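Visitor: just coords:
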Ligand code: UFG
């Protein structure tokens, strides 16, 4: 298939691009390179530099690519920043998404796989979380992703655009070539590995008084290659609607740090810091629907493998993509 992939210079988009190409698909990447990296775009893909907020640019790129389907990763994704500047999130993640759908209609493209998030659920009533839980986002980032899910539901109903929403839990890990390089970096695993690399003195644990066995927050860490594989299953199959993507097993912040100590052989000093606003105690996926309907099965469910792959990429890219 030929895929028009927005955000292909970012972390999840670049690795999905690599996996699609490895399986013989064609990929046209549409990315403004504001947060992504040119070096993260596989040389086998065609890169079109453009911004989703530029309606004509998206339309022109879509018309020239004439893809079979769209995978939509490009978005702002910092929860804290979204609280400070919500309109930035709605303009890019919602209005930009509308431009993408309009371009699809103009080019007669009828399938989209959308990067959604567990942040659309807010504080869950129960874990493991199934797709039918109420969606009550607690920040503009999660709200912007939920709004675009709804827009796609109407695009499916009124315009016949087949839409799949993949609600990711905590994406992590790397391939040999591509990995996680955000600026600023806010995610736990890369920050822990920065300590092991000597780039930081210690990692902060945001709160140890949560309602969990060791008092630190529990998350569901899922390997990026497994996420990429779910996209390929979604685009090549005949599916619609939401799928949660996680391992179904949660690890606490302290457990993540312990595994990183084991993998890196570094003591990784940690200190307890105040809670980060908006962090739920536990976010753990039920991915039963993805297993049964998509036929998805994570290849790297073990946190040790996930951190080992991330560690290997950080060691071979000590300054990220700024080699
Ligand atoms: N954490 C620390 N110290 C740090 C960084 C993180 O203790 O220096 C903790 C967080 O408080 C959280 C856990 O580690 O409990 C994981 O934090 P991340 O920032 O790595 O990931 P989040 O769970 O906050 O974020 C993920 C996705 C977001 C998505 C969110 C939904 O990365 O895109 O889940 O809640 F919005």
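Guide: Sure, I can see it. Worth saying up front: this structure is predicted, and the values here are computed from it rather than measured.

Visitor: The ligand contacts on the protein?
Guide: Within reach of the ligand by Cβ under 6 Å from any ligand atom, the chain has these residues: 77, 79, 117-119, 141, 170, 186-188, 191, 203-206, 217, 219, 253, 276, 279, 283. Backbone N, C-alpha and C define where each C-beta goes, glycine included.

Visitor: 5 Å - rerun?
Guide: Contact residues (Cβ under 5 Å from any ligand atom) of the chain with the ligand: 77, 117, 119, 187-188, 191, 204-206, 217, 219, 253, 276, 279.

Visitor: tell me how far stretch 154-174 is from the chain's mean position?
Guide: 11 Å (Cα atoms, centre = their mean, to the nearest Å).

Visitor: okay, how far is it across it, tip to tip?
Guide: This stretch, stretch 154-174, spans 35 Å end to end (Cα to Cα, to the nearest Å).

Visitor: List the buried residues of that stretch.
Guide: Buried positions in stretch 154-174, judged by neighbour count with 16 or more other Cβ atoms under 10 Å: 155-156, 161-174.

Visitor: So which of the residues you listed sit within helices?
Guide: Among those, the ones falling in helices (DSSP state H) are 155, 156.

Visitor: the strands in the stretch 1-150 of the chain, which residues?
Guide: With strands called from DSSP state E, counting those that start in this stretch, the stretch 1-150 of the chain shows them at 2-6, 26-31, 46-49, 69-72, 111-117.

Visitor: Please apply the same query to the stretch 201-323 of the chain.
Guide: Per DSSP E, counting those that start in this stretch, the stretch 201-323 of the chain has strands spanning 203-206, 218-219, 221-223, 241-245, 251-252, 270-273, 282-283. These are given in chain order.

Visitor: And the fourth one, what does it pack against?
Guide: Which is strand 241-245. strand 162-168, helix 224-236 (3 or more Cβ pairs under 8 Å, 6 or more residues apart in numbering; DSSP states H and E).

Visitor: Could you pull up the mean pLDDT of that strand?
Guide: Here strand 241-245 scores 98 as its mean pLDDT.

Visitor: likewise the first one?
Guide: Per-residue confidence for strand 203-206 averages out to 98 on the pLDDT scale.

Visitor: possible to save the strands of the stretch 201-323 of the chain as JSON lines with mean neighbour count?
Guide: Supplementary listing: these in JSON lines, determined by neighbours: other Cβ atoms under 10 Å:
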{"stretch": "strand 203-206", "mean neighbour count": "19"}
{"stretch": "strand 218-219", "mean neighbour count": "24"}
{"stretch": "strand 221-223", "mean neighbour count": "25"}
{"stretch": "strand 241-245", "mean neighbour count": "23"}
{"stretch": "strand 251-252", "mean neighbour count": "22"}
{"stretch": "strand 270-273", "mean neighbour count": "14"}
{"stretch": "strand 282-283", "mean neighbour count": "20"}
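
Visitor: now these in CSV, with distance to residue 182?
Guide: Below are those laid out as CSV (distance: least, Cβ to Cβ, whole Å):
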stretch, distance to residue 182
strand 203-206, 16
strand 218-219, 17
strand 221-223, 16
strand 241-245, 20
strand 251-252, 21
strand 270-273, 20
strand 282-283, 19
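
Visitor: Compare these and give me the one nearest residue 58.
Guide: Each of the strands of the stretch 201-323 of the chain has some distance to residue 58 by Cβ to Cβ; the shortest is strand 241-245, at 24.3 Å.

Visitor: could you give the angle of that closest one to helix 224-236?
Guide: If you take axes from the mean of the first three to the mean of the last three Cα atoms, to 10 degrees, strand 241-245 sits at 160 degrees to helix 224-236.

Visitor: Give me the sheet partners of strand 241-245 and which way each runs.
Guide: According to DSSP bridges, strand 241-245 forms sheet pairs with strand 162-168 (parallel).
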